[in-house]
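> Show me how the following folds:
(one chain, ligands or ions: 2)
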Amino acid sequence: MKVTVFGIGYVGLVQAAVLSGVGHNVVCVDVNADRVEKLKQGIIPIYEPGLENLVKANVEAGRLQFTTDAALGVNHGQIQFIAVGTPPDEDGSADLKYVLEVARTVARNMAAPKIIINKSTVPVGTADKVKAAVAEVLAERGEAIEFDVVSNPEFLKEGAAVADCQRPDRIIIGTDSEKVEARMRELYAPFNRNHERIIVMDVRSAELTKYAANCMLATKISFMNEMANLAERLGADIEKVRQGIGSDPRIGYSFIYPGCGYGGSCFPKDVQALVRTAENNGYVPEILRSVEAVNHRQKTKLFAFLNDYFEGQLAGKKIALWGLSFKPNTDDMRDASSRVLMESLWQAGASVQAFDPEAMNETQRIYGSRDDLMLMGTKEAALRGADALVVCTEWNIFKAPDFELIKESLQCPVVIDGRNQYEPELVESYGLAYYGIGRGRSV
Ligand code: NAD
Ligand code: UGA
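Ligands and ions are numbered 1, 2, ... in the order given. Reported below is the predicted structural model:
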């Protein structure tokens with residue numbers, strides 16, 4: 001099938017690469033000319049395992065192309081994906097300006113019937129707004145071309161985006177048209193082979209499903225972080241508690257890892273957006289507000305541990321930081337907990353000596369050159385001459401460190417483990433003080 005994807009970010013690019021990988025013919029359109037130009041040269045703008053090879057193979061096979069030419073894109077596919085950003089606006093609601101701009105672009109250029117698919121995460125009622133925007137432009141053009149608007153939210157995780165798209169847990173299709181459903185089933189047939197993954201529902205339920213999924217996952221994390229904070233005060237070990245409750249299949253082991261807060265481009269903004277949707281519809285979202293509040297507090301915890309250890313004397317201290325991205329296997333720094341830590345440390349007059357396997361360029365892009373941020377080539381180099389070590393992201397290469405070397409390199413023997421990667425007794429056996437999340441020491 002001929003498919004067009006507007007927006008070549010995490011979602012659009014991965015979706016386009018995976019769809020072309022099963023034989024669809026995909027044109028990607030983006031307003032970012034630099035991004036399009038780089039992709040044409042085979043330079044992938046994001047780090048995502050497996051993506052580079054998939055993109056290159058499909059470009060070479062002639063099934064995947066990139067352009068800034070919207071008219072070309074609109075004319076290419078009967079299916080038009082909208083996969084642009086929906087960042088928070090001033091009050092935390094999802095800003096739909098990019099989504100509606102794409103809708104109008106499609107309407108301005110279409111000469112034949114189109115199925116417009118909302119892949120971006122959008123509030124309930126957005127499909128109606130997209131429909132209205134397209135209808136308005138068509139009316140201005142004096143054209144009566146048929147079109148449908150479908151909600152088809154994306155559930156991929158960064159760091160595993162390609163694998164998630166190739167083997168989705170479910171494919172949500174929000175439409176009330178049987179004709180559109182049939183086309184969507186044809187599009188996704190290669191991903192629906194061995195058992196039924198497609199769930200068809202009305203548009204509004206599909207739109208809410210996306211927010212409900214992210215907010216449920218964020219709720220699990222904030223709940224566990226709250227339990228961790230309690231465990232610290234009660235002399236319990238949250239890691240034992242996690243295993244104890246995860247073994248109940250009704251609870252499960254996923255997304256109950258306590259830590260220094262959830263980040264990324266989605267949980268923080270989507271929880272916030274659903275809070276605003278609820279409030280705007282006369283409902284007080286008590287649970288969601290708390291999920292957000294607990295997460296904000298959790299992100300200040302690493303700084304609080306350091307402040308506790310150094311008894312408020314952080315000025316002039318140099319902190320080694322392992323992990324900058326909001327989670328492993330990505331270079332994404334959006335809403336990363338490391339940023340809250342670094343910014344608090346700088347404010348307190350401390351400096352940071354950091355290492356991350358993929359997110360160093362992104363960190364440099366965000367913060368530029370500054371005297372209180374040293375980006376080091378290896379995790380060992382980040383330790384040299386530092387006062388303390390903080391682990392913020394659980395990249396594999398941080399999992400079995402040389403504790404002897406840590407002890408020798410640090411001015412003060414303390415490890416702050418923001419992702420509970422180490423056993424406290426093991427770390428302490430090297431003469432290092434240990435702070436974990438929900439494991440003894442409380443702040
Ligand atoms: P992103 O910021 O990485 O990419 C968005 C792209 O859209 C950019 O390249 C931008 O230049 C382009 N764009 C903006 N306006 C455009 C226009 N008028 N025409 C063409 N291109 C345009 O965003 P993302 O992370 O891919 O997220 C996209 C949407 O998908 C968001 O709603 C997000 O919540 C949702 N989502 C993201 C993820 C994720 O893991 N990142 C997962 C599921 C859902
Ligand atoms: C999340 C969802 O998992 C995806 O299904 C969804 O499509 C996506 O948001 C989205 O809508 O964009 P992502 O943000 O890429 O994916 O990453 P997650 O693996 O969900 O992690 C999010 C944050 O939660 C990270 O900071 C991670 O460290 C934290 N986390 C995760 C925990 O603190 N504990 C856990 O047990 C799991």
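> Would you mind naming what in the stretch 1-150 of the chain lies close to ligand 2?
With Cβ under 6 Å from any ligand atom as the criterion, the stretch 1-150 of the chain comes near ligand 2 at residues Thr121. C-betas here are computed from N, CA, C, even on glycine.
> ok, the residue of the chain found nearest ligand 1 - how many residues close by?
Here the residue of the chain nearest ligand 1 is Gly9; by Cβ to the nearest ligand atom that distance is 1.8 Å. Other residues lying near Gly9 total 17 when counted by other Cβ atoms under 10 Å.
> can you check the one 10 residues further on too?
When counting by other Cβ under 10 Å, one arrives at 25 neighbours for Leu19.
> Can you show me the strands along this protein?
Assigned strands in the chain, in chain order: 2-6, 25-29, 64-67, 79-82, 114-118, 147-151, 171-174, 198-201, 318-322, 351-355, 373-375, 388-391, 414-417, 433-435 (criterion: DSSP state E).
> Mean neighbour count and mean pLDDT added to these, as TSV?
Formatted as TSV, the strands of the chain follow (neighbours: other Cβ atoms under 10 Å; pLDDT from 0 to 100):
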stretch	mean neighbour count	mean pLDDT
strand 2-6	25	98
strand 25-29	25	98
strand 64-67	22	98
strand 79-82	27	98
strand 114-118	26	98
strand 147-151	23	98
strand 171-174	22	98
strand 198-201	15	98
strand 318-322	26	98
strand 351-355	23	98
strand 373-375	19	98
strand 388-391	26	98
strand 414-417	25	98
strand 433-435	21	97
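> Let's have those in CSV, adding distance to ligand 1.
CSV is the format used below for these (distance: least, Cβ to the nearest ligand atom, whole Å):
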stretch, distance to ligand 1
strand 2-6, 4
strand 25-29, 5
strand 64-67, 10
strand 79-82, 9
strand 114-118, 9
strand 147-151, 12
strand 171-174, 12
strand 198-201, 17
strand 318-322, 23
strand 351-355, 23
strand 373-375, 23
strand 388-391, 23
strand 414-417, 26
strand 433-435, 30
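> could those go into CSV alongside distance to Arg289?
Compiled in CSV, the strands of the chain are given as follows (distance: least, Cβ to Cβ, whole Å):
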stretch, distance to Arg289
strand 2-6, 33
strand 25-29, 38
strand 64-67, 41
strand 79-82, 29
strand 114-118, 27
strand 147-151, 26
strand 171-174, 26
strand 198-201, 27
strand 318-322, 30
strand 351-355, 32
strand 373-375, 33
strand 388-391, 29
strand 414-417, 28
strand 433-435, 28
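> Which of those strands sits closest to Pro190?
Checking the strands of the chain against Pro190 by Cβ to Cβ gives strand 171-174 as the closest, at 11.1 Å.
> ok now that closest one, how far from the chain's centre?
Mean-position distance between strand 171-174 and its chain equals 20 Å (Cα atoms, centre = their mean, to the nearest Å).
> Next: stretch 164-178.
On Cα atoms, centre = their mean, the centre of stretch 164-178 falls 19 Å from that of its chain.
> and that stretch, C-alpha only, in CSV?
Extracted C-alpha coordinates of stretch 164-178, given in CSV (Å, rounded to 0.1, in the frame of the first residue of the first chain):
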residue,chain,number,x,y,z
ASP,A,164,7.7,-2.7,19.6
CYS,A,165,6.4,-1.5,16.2
GLN,A,166,7.3,-4.8,14.5
ARG,A,167,5.6,-6.9,17.2
PRO,A,168,2.9,-4.6,18.8
ASP,A,169,1.0,-5.9,21.8
ARG,A,170,-2.1,-4.4,20.3
ILE,A,171,-3.2,-2.2,17.4
ILE,A,172,-5.9,0.1,18.4
ILE,A,173,-8.1,1.4,15.5
GLY,A,174,-10.7,4.0,16.4
THR,A,175,-13.3,4.3,13.5
ASP,A,176,-16.9,3.8,13.0
SER,A,177,-16.5,3.0,9.3
GLU,A,178,-16.3,-0.6,8.1
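> That stretch and ligand 2, any residue contact?
No - using Cβ under 6 Å from any ligand atom, stretch 164-178 stays clear of ligand 2, coming no nearer than 7.4 Å.
> Identify the residues contacting that stretch?
For stretch 164-178, contacts defined as Cβ atoms under 8 Å, 6 or more residues apart in numbering pick out 14-15, 18, 21, 127, 148, 150-157, 181, 184, 188, 191-192, 197-207, 209-210.
> Can you tell me which residues in the chain are near ligand 1?
Close to ligand 1, as judged by Cβ under 6 Å from any ligand atom, the chain has residues 6-12, 29-32, 35, 83-86, 98, 101-102, 120-121, 154, 156, 158, 265-266.
> taking those one by one, which sit in helices?
If you go by DSSP state H, the residues of the chain next to ligand 1 have Tyr10, Val11, Gly12, Arg35, Tyr98, Glu101, Val102 in helices.
> pretty sure the fifth one is touching Val84, no?
Yes - Tyr98 is in contact with Val84 according to Cβ atoms under 8 Å; the separation is 4.0 Å.
> more crowded one of these two?
Per other Cβ under 10 Å, whichever of Tyr98 and Val84 has more neighbours is Val84, with 25 against 18.
> Now for that one: which residues touch it?
Phe6, Gly7, Gly9, Gly12, Tyr98, Val99, Glu101, Val102, Ser120.
> And the residues you listed, which is the shakiest by pLDDT?
The member of the contacts of Val84 with the lowest pLDDT is Gly9, at 94.
> any idea how far that one lies from ligand 2?
Plainly put, Gly9 is 10 Å away from ligand 2 if you go by Cβ to the nearest ligand atom, to the nearest Å.
> What is the end-to-end distance of stretch 34-51?
End-to-end distance for stretch 34-51, by Cα to Cα, to the nearest Å: 19 Å.
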